[in-house]
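>>> Okay, here's the prediction I keep looking at, along with the sequence it came from:
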Amino acid sequence: MQKIDISQYQNTLSKNHQIKRLLWDIVWCVLARPLPRSIGRKWKLFLLRLFGAKVHKTANVYSSVKIYAPWQLEMYEYACLAPEVDCYNVAKITIGAHATVSQKTYLCSASHDINKKHFPLITAPITINAHAWVGASVFIGMGVTVGQGSVVGATASVYKNVAPWSVVGGNPAKFIKKREINQHE
């Protein structure tokens, strides 16, 4: 009979990593979270950079966003993490230029290997490419790339890459149509 034994689970993240995370949680909780919504944008970007994030000066991170490890975050010009986004970036998460991740979305760059007895942690980066829009309350799984200009509909769950300039939705997310920008409006 097969059994799962998580009593032998070992956290592969170093003590140094855990201490940095603790300090980060305290700093963000005390110095950024109390600020209303997007107020103090430059201050929040400074705090993120202090902990190793690579964020463009025009990026926007709302106060209620949860960021697991800022040193695994990269945001380009006008990239936005909206209110209550949970950025679980055990592996790197990249948000491209002019891309928006809407409120209450969960970006999950880690999971556990379900085929191994001790359930080890596994990770893979997430990339949201330029001009993409991730709707509200979306789940983006580890290793996913959201293509340039794509739209992920609200409440979708994305486990596979999204092709550039496409619209997807549902659980699991499926292709709905191509996105076409009307240049005359």
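Happy to help now that I have it. Residues are numbered from 1 along each chain as shown.
>>> For Glu180, list the residues it contacts.
When contacts are counted by Cβ atoms under 8 Å, 6 or more residues apart in numbering, Glu180 touches Trp165. For every residue, glycine as well, the C-beta is placed using N, CA and C.
>>> ah, wrong one, I meant Thr94
Contact partners of Thr94, counting by Cβ under 8 Å, 6+ apart, are Glu74, Met75, Tyr76, Pro125, Ile126, Thr127, Ile128.
>>> Show me where this structure has its helices.
In the chain, the helices defined using DSSP state H lie at 15-31, 41-50.
>>> Run through this structure and note the low-pLDDT ranges.
The model of the chain has no residue with pLDDT under 70.
>>> swap the cut-off to 90 and go again
1-15, 17, 36-39, 116-120, 181-185 (pLDDT under 90).
>>> give the contact list for Pro172.
Contacts of Pro172 (Cβ under 8 Å, 6+ apart): Ser157, Val158, Tyr159, Lys160.
>>> how about those residues, which pair is most distant?
Ser157 and Lys160 (10.4 Å; Cβ to Cβ).
>>> before we move on, the earlier item: need the buried ones from the contacts of Pro172 selected in ChimeraX.
Listed next is the ChimeraX selection for buried residues among the contacts of Pro172, using 16 or more other Cβ atoms under 10 Å:
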select :157,158
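>>> Out of the contacts of Pro172, the closest to Asn182 would be?
Closest approach to Asn182 among the contacts of Pro172 (Cβ to Cβ): Val158, at 25.7 Å.
>>> what's the closest non-adjacent residue to the closest one?
Spatially, and ignoring its direct neighbours in sequence, Val158 is nearest to Ala173 (4.5 Å; Cβ to Cβ, 6 or more residues apart in numbering).
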